[in-house]
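Peer 1: need coordinates for the below:
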Amino acid sequence: MKIFSFWPRKWFRFNIRGDNRGTTLVEVMIALLIIALVILGGGMFFFYGRLNIVRESHRRAALLVASQRLEALKAADYKNIAHNPLSYQLYYITHSSDWDLKSSETKETVTVDNLSDAQMLTEAQYIDDDGMNDSYDYLKITIVVEWSDPAPNRVSLTSLVGPP
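Peer 2: Alright, predicted model coming up:
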């Protein structure tokens, strides 16, 4: 039993070219163009996906380096990282054998993931929370890690450290 037996048979013929059975050069070229666009789009998708994965891997490693420095500063004795005389000026902390406090910007070279040219900057500044100028309530410490691969990238961590 045919479902569409009431429709004429010629309605189901969609042969536009009549009796010609081959494909034309224009059809082949359009099909090749569509296939090329699909392949190119897929390739670009995977290329930029891989690029983002590598960048985020470096970013995660840089955050780990900054986090290690921040934990070391939190574990250090407060008097070793506090600047004397006390002032609200921004100062910089470096670490060689001991904590060095400097008034000029000093960057340290660190290794992030497999990049050996990353720069780390540790900034510290006293914060007066209660509004009275005679007390220094806590330190605001910011660690910035910068690297390029080839575009410049940067991550920063900030924490507040109070006196004991």
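
Peer 1: so Asn52: helix, strand or coil?
Peer 2: Of the three states, Asn52 takes helix according to DSSP: H, G, I helix; E, B strand; the rest coil.

Peer 1: how many neighbouring residues does it have?
Peer 2: Neighbour count for Asn52, taken as other Cβ atoms under 10 Å: 10. Just so you know, the C-beta spots here come from the backbone N, C-alpha and C atoms, and that holds for glycine as well.

Peer 1: same check, this time on the one 10 residues further on
Peer 2: One way to gauge burial is a neighbour count; for Ala62, by other Cβ under 10 Å, it gives 26.

Peer 1: Ala75 now?
Peer 2: 7.

Peer 1: which parts of this protein are helices?
Peer 2: Under the criterion DSSP state H, the chain contains helices at 25-75, 78-81.

Peer 1: counting by contacts, list what the longest strand seen in the chain packs against.
Peer 2: As assigned by DSSP state E, the longest strand anywhere in the chain is strand 115-127. Judged by 3 or more Cβ pairs under 8 Å, 6 or more residues apart in numbering; DSSP states H and E, strand 115-127 is in contact with helix 25-75, strand 91-95, strand 108-112, strand 138-148.

Peer 1: in it, which residues are buried?
Peer 2: Across strand 115-127, burial judged by 16 or more other Cβ atoms under 10 Å covers 118, 120-124, 126.

Peer 1: direction included, what does that strand pair against?
Peer 2: strand 91-95 (antiparallel), strand 108-112 (antiparallel), strand 138-148 (antiparallel) (DSSP bridges).

Peer 1: which residues sit against the longest one?
Peer 2: By Cβ atoms under 8 Å, 6 or more residues apart in numbering, the list of residues contacting strand 138-148 from outside reads 58, 62-63, 65-66, 69-70, 73, 81-82, 93, 110, 112, 115, 117-127, 129, 152-163.

Peer 1: give the rounded mean pLDDT of that strand.
Peer 2: In this model, strand 138-148 carries a mean pLDDT of 91.
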